[in-house]
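Chemist: Fold the following, please.
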Amino acid sequence: MGCSTLALSSVVSTLGGLVFGYELGIISGALLQLQAEFRLTCVQQEAVVSALLIGALLASLVGGWLIDRYGRRNSILHSNVLILAGSLILVSNSYLALVVGRITVGFAMCISSMSCCIFVSEMVTPKHRGFLVTLYEVGITVGILGAYAINYILSDARQGWKYMFGLAIVPTLAQFVSIWFLPSNAGTPAAGQRAGAQSQRGLIHSIENHKVENSAHVSNILDNPQYSFLHLFQQKDNMRTRTTIALGLVIFQQFTGQPNVLFYSSTIFHSVGFKSNASAVLASLGLGVVKVIATLVSMVFADRVGRRPLLIGGCTVMSVCLITIGLLSGRSVVNTKTPCNAGDYVNNSTPLSQLTVENQSSFDISVSQRLGRHDRTEVRHIAYDAERSLGTLMPVASPAVHNGVVNWIILLCMMAVVSAYSVGFGPMTWLILSEIFPAAVRGRAFAFTNCFNWAANLIVTFSFLNVINVIGLSGTFLSYGLIGVGAVVFFYFMLPETKGKSLEQIDRELCLKR
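Modeler: Prediction:
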């Protein structure tokens, strides 16, 4: 019984991340076919891509209340239903249906991502919490990889975009069925708390077969003080400091620019010899494999090494590699024009988002493809965490005269940044956010910080090309590296270690910490 419950928790967490990652990555390939079939303008493409982001932002605003009001398990179940409905809407032959379906999926996806992390963190003991919450990040990376593989397989299929969107139904149904066999946990407030506490007690006993959390845990849940949203900004129980830590996590996660580093991955792959369509796709998938492996490493060591070492260590490696890329990049001139002539080019649009739930997520693969019918044009399309709409970012001048060794150093730094992010920021941000807030306000706190995460994503994405025009590619990466150094200092002095502690113990310690 205990092993089966633990296994089911693992399945629910992984499937939630898998759906999230798949929805983020699938649009990059689907958009090529959608543009051709519906003759979409750049604005229409932007609307299709950004619809997912709009839905997710709406969910961030109301999701916390929904999660705290109706419970984590019910929120996941309802989000599954919405994803199924959105996927069915998406396969309709209508542009309006595409937008509505994407908004629906984005809303459900955001609710699911928040609920999954909180639900799993409250379901299991401290011994397994880091492993299972980090498993969600593994699901995201595998989902993105799977999405790009599906994009590649169905790239020439007639109306392949319908299969691309429709295949999301499979993992969604699997999660929907799996979670029915898990009890509601103790995270629900008010009337649901007492029943949840009983389920939590039985679950803990079945998993560990001894009183890991003991009766004090249940007592703490039943007597848990009530919090309003405004308590997040007050000194009561040190809530203001907790909110500061949470905002630091999500803001530094985005402003270190890791998603925008991947924006140049196809250019770098091209510079070291990945010329053909197949080799560029395989190189990009290889980058995704590196990310998956790094995430698996963090999953294994999250409960052994601890959150602080992985986050601080990962951020340190990112900073060093970002600064190195900046120093080696030299001066680059980037052509930011996005041709929208459907007759000659695949439509392009300004990058819209790199959602991190995300990633987040999240979730970080670039694909560089050369179209056979237009040998003169190279289209590089990239998706991260929520995806970007296709945009041509083509160097019109060589950055500087780099020899082969320097090119490979830059490529290795790219790999290191992806790996360090997947060990540190990627999984640790959401694990820590699920641990540092009291149960009664955890959903709203998670949603509040998630709003800042998405807002920071938008700022970094939409300012990226303008920043390059002002300070250059080298200066941009150097800035990201210096922000990373600031993040290391912030985490060193502010971030508590939560490894091996129950949620109640973490709460008590943070109440006393000043």
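Chemist: how near is residue 26 to residue 102?
Modeler: According to C-beta to C-beta, to the nearest Å, residue 26 and residue 102 sit 11 Å apart. Just so you know, the C-beta spots here come from the backbone N, C-alpha and C atoms, and that holds for glycine as well.
Chemist: correction: residue 306
Modeler: On the measure of C-beta to C-beta, residue 306 and residue 102 end up 39 Å apart.
Chemist: between these two, which one's more packed in?
Modeler: residue 102 (26 against 17; other C-beta atoms under 10 Å).
Chemist: Show me the shaky parts of the stretch 101-250 of the chain.
Modeler: Low-confidence segments of the stretch 101-250 of the chain (pLDDT under 70): 184-229.
Chemist: the strands in the stretch 351-500 of the chain, which residues?
Modeler: With strands called from DSSP state E, counting those that start in this stretch, the stretch 351-500 of the chain shows them at 364-370, 378-384, 394-397.
Chemist: is it true that residue 155 lies in a helix?
Modeler: No: according to DSSP: H, G, I helix; E, B strand; the rest coil, residue 155 belongs to no helix; its state is coil.
Chemist: hang on, isn't it packed against residue 29?
Modeler: Yes: Residue 155 is within contact range of residue 29, at 6.2 Å (criterion: C-beta atoms under 8 Å).
Chemist: the more surrounded of these two?
Modeler: residue 29 (27 against 16).
Chemist: How about the contacts made by that one?
Modeler: 147, 148, 150, 151, 152, 154, 155, 160, 161, 164, 367 (C-beta atoms under 8 Å, 6 or more residues apart in numbering).
Chemist: Just to be sure, which of those residues are found in helices?
Modeler: Within the contacts of residue 29, residues falling in helices by DSSP state H are 147, 148, 150, 151, 152, 160, 161, 164.
Chemist: Redo these as CSV? Include neighbour count.
Modeler: Listed next are those as CSV, based on neighbours: other C-beta atoms under 10 Å:
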residue, neighbour count
147, 29
148, 23
150, 20
151, 26
152, 18
160, 18
161, 25
164, 28
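Chemist: From those residues, pick the one nearest residue 234.
Modeler: residue 147 (42.1 Å; C-beta to C-beta).
Chemist: Just to check, the closest one is in contact with residue 18?
Modeler: No: applying C-beta under 8 Å as the test, residue 147 and residue 18 come out as separate, 9.8 Å apart.
Chemist: ok, of the contacts of residue 29, which one's closest to residue 33?
Modeler: Looking across those and measuring by C-beta to C-beta, the closest to residue 33 is residue 161, at 4.3 Å.
Chemist: Please, which helix or strand holds residue 36?
Modeler: Under the criterion of DSSP states H and E, residue 36 resides in helix 2-38.
Chemist: Tell me the buried residues in that helix?
Modeler: Neighbour counts using 16 or more other C-beta atoms under 10 Å place 5-6, 8-35, 38 of helix 2-38 among the buried residues.
Chemist: Need the mean per-residue confidence for it.
Modeler: Averaging pLDDT along helix 2-38 gives 80.
Chemist: Now the element after it, going C-ward?
Modeler: With DSSP H and E, the next secondary element past helix 2-38 is helix 42-70.
Chemist: got the angle between that next one and helix 2-38?
Modeler: Relative orientation of helix 42-70 versus helix 2-38 (axes from the mean of the first three to the mean of the last three C-alpha atoms, to 10 degrees): 160 degrees.
Chemist: buried sites along helix 42-70?
Modeler: Neighbour counts over helix 42-70 (16+ other C-beta under 10 Å) mark 42, 44-53, 55-57, 59-60, 63-64, 66-68, 70 as buried.
Chemist: counting contacts, what elements does the helix or strand hosting residue 247 pack onto?
Modeler: Residue 247 belongs to helix 239-255 when assigned by DSSP H and E. Packed against helix 239-255 by the contact rule (3 or more C-beta pairs under 8 Å, 6 or more residues apart in numbering; DSSP states H and E) you find helix 425-433, helix 439-494.
Chemist: related to what we said a few turns ago, for the contacts of residue 29, give me TSV that also has distance to residue 249.
Modeler: TSV is the format used below for the contacts of residue 29 (distance: C-beta to C-beta, whole Å):
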residue	distance to residue 249
147	26
148	28
150	32
151	31
152	34
154	37
155	37
160	38
161	35
164	32
367	29
